[in-house]
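Student: Based on what follows, work out the 3D shape:
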Amino acid sequence: MSKERYIPTDEEKKQLREKYGNCCYICDGSLNGYDDAEVQYDHIYAHAADIAGGESLANFAPIHASSDPAKRKCHAGKGTKTFFNYKEELRIKSKLANITGLKDLCINAKQCSFRKISSTEIGHYLEIK
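Tutor: Have a look, this model is predicted:
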C-alpha cells in the first residue's frame, strides 16, 4: 500500500521560499519573477524512498518549473535523479561549458611558441650524425 503524497499548503510554500532565500534548490537561481504556477515544491528525498519524515515540510524545496521557454525548468531536467546527483551534474556541466583550452584546466600551463624552421635548417639537422 503506497502512502498518499503530501502537497504543501500556500502558507507552507511561502515558508519554503523564505527558508531557501527565494532561490531554486537545484540551481540556486532566484525565484523572483516566477509566479506560483512556475514553481514546484518537490521532495528532497524521493517520495518513493519511504524515509522517516519523507512527507514532512523539511523534506520539500522550491524548484523552477516554468513552461515559459525564456525561463528555467530545473524540475523537468531532474527526472528521477536525486537532487544531490542532479546538482552535481549541473555544476560539472557549468564548469565544462567554460573550458576553452588547456589553460582552463591547468592554470600553471605556460604558452609555448615555436618558430618556423626553414628547409635549409632542416637539411642541416638531418646531416648531423
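Student: residue closest to the middle of this protein?
Tutor: Note on the chain: the residue nearest the mean C-alpha position is residue 90, at 2.3 Å, using CA atoms, centre = their mean.
Student: quick one: the helix or strand where that one lies to chain centroid distance?
Tutor: Using DSSP states H and E, residue 90 sits in helix 83-97. Relative to its chain's centre, helix 83-97 lies at 4 Å (CA atoms, centre = their mean, to the nearest Å).
Student: if I read this right, the residue nearest to the centre of the chain contacts residue 27, doesn't it?
Tutor: Yes. If you go by CB atoms under 8 Å, residue 90 and residue 27 touch, sitting 6.3 Å apart. For the C-beta atoms, the positions are set from N, CA and C on the backbone; glycine is no exception.
Student: OK, contacts around residue 23?
Tutor: For residue 23, the contact set (CB atoms under 8 Å, 6 or more residues apart in numbering) comprises 29-31, 62.
Student: just residue 105 next, same as before
Tutor: By CB under 8 Å, 6+ apart, the contact set of residue 105 is residue 99.
Student: same deal with residue 80?
Tutor: By CB under 8 Å, 6+ apart, residue 80 lies in contact with residue 46.
Student: is it fair to say it lies in a helix?
Tutor: No. Residue 80 sits outside any helix when classified using DSSP: H, G, I helix; E, B strand; the rest coil, being coil.
Student: Next, please give the residue ranges for the strands of the chain.
Tutor: Along the chain, the stretches classed as strands by DSSP state E are 39-43, 60-64.
Student: Tell me which of the ones you listed lies nearest to residue 117.
Tutor: Closest of the strands of the chain to residue 117 is strand 60-64, at 56.3 Å (criterion: CB to CB).
Student: for that closest one, packing partners?
Tutor: Strand 60-64 is packed against helix 10-19, strand 39-43, helix 74-78, with contacts defined by 3 or more CB pairs under 8 Å, 6 or more residues apart in numbering; DSSP states H and E.
Student: Can you tell me what sits against it?
Tutor: Outside strand 60-64, the residues that touch it by CB under 8 Å, 6+ apart are 8, 12-13, 16-17, 20, 23-27, 29, 31, 34, 38-44, 71-75, 78, 83.
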